[in-house]
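A.B. asks: sharing a model that was predicted from the sequence below.
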Amino acid sequence: MGKELMLSGMNHVVRRSVGSSWSDELSVGLLNKTDPALSVTGPESFPFFAFCLVLRGNGSYVDWESGRRFPLKANTYFLRIPGIVHQIRIDPASRWRECFLNLGYNAYPYFRAYHGILPENPVGKFAPDDAWIDAYFKLENELEFSPVGSLLELLPAFFHLVSRAVQQTEYDDSTRQRIKYACEFLCSDFREKKDIREFCRIHGWGYENFRKKFAEIMGMPPNQYRMKRRHETACALLMQRTLTIADIARELGYCSPQEFAAKFRRRTGKSPSEYRENLPANYF
């Protein structure tokens, strides 16, 4: 019965705010996207972390910066990762239907740290069982009817449902698994200095061979990758108006707001304040 409800019926979305901005929203929903006008979205980025499960249909997730394309079909999911520009392309004849869970911005650091979620792997496979589907509908009902003061108590249920799905994502060989660990190490805390040579030595990996494989798979050497992710994290944090420029500089390990501003301008041509001012109003 639960599976039938997932695959049939009208659109149904429940959105509740737990803060003052769009990025603080919790939401769940079931959506049909059969209108040809909805077949291509974006490119776009979001200030929150969301899990989207394809229930029916065919399409693709496109990483806008690298151009990498990931196929989407029933029982695959894609992730909205804060600040990552991407595009969803749908075959309008495939009767696309999806369900989603939006966990807000602050969920992403948890999934990055404990589940290894990285922008390079935004798509995975997951076939929901009856228990997962029942838990989804229970959460949808609770989100719709819970009083405002109780909304944050629903967060563990959101985390549990998404954790069950992403834990099933597997990598195809030991080399990619090593790259995944290295990416987690490089981006786990930008306030700390990271020595990738020492990291390789501790794990018994030859540095030069590892660096070559890293560049082949990721398209850039490890230190450049870290700088790129640091910048993307800065862009995502700038979407949070409650954070000051000094807060962000400190979180990213810069010696001062001035150093942060200079390096940000060098990369984007804008200061952090100018970048924030140019964001669409619905980001806040």
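C.D. replies: Looks like it arrived, so ask away.

A.B. asks: ok, and the closest non-adjacent residue to the most centrally placed residue in the chain?
C.D. replies: The centroid of the chain falls nearest to Ile81 when counting by Cα atoms, centre = their mean (1.9 Å). Nearest residue to Ile81, sequence neighbours excluded (Cβ to Cβ, 6 or more residues apart in numbering): Pro119, at 5.4 Å. In short, each C-beta sits where N, CA and C put it, glycine included.

A.B. asks: correct me, but the residue nearest to the centre of the chain touches Ile117?
C.D. replies: Yes - between Ile81 and Ile117 there is a contact under Cβ atoms under 8 Å: 7.2 Å.

A.B. asks: between those two, which contacts overlap?
C.D. replies: Residues touching both Ile81 and Ile117 comprise Tyr108, with contact defined as Cβ atoms under 8 Å, 6 or more residues apart in numbering.

A.B. asks: so what's the residue count around the residue nearest to Ile81?
C.D. replies: Applying other Cβ atoms under 10 Å, we find 21 other residues in the vicinity of Pro119.

A.B. asks: do the one 5 residues further on as well
C.D. replies: For Gly124, the tally of surrounding residues (other Cβ under 10 Å) stands at 20.

A.B. asks: picking up where we left off before, sec struct for the residue nearest to Ile81, please.
C.D. replies: At Pro119 the chain is in coil, as set by DSSP: H, G, I helix; E, B strand; the rest coil.

A.B. asks: from Ser39, how far out is it?
C.D. replies: 24 Å (Cβ to Cβ, to the nearest Å).

A.B. asks: how about Pro221?
C.D. replies: 37 Å.

A.B. asks: neighbour count: these two, which is higher?
C.D. replies: Remark: of Pro221 and Ser39, Ser39 carries more neighbours, 17 against 13, as counted by other Cβ under 10 Å.
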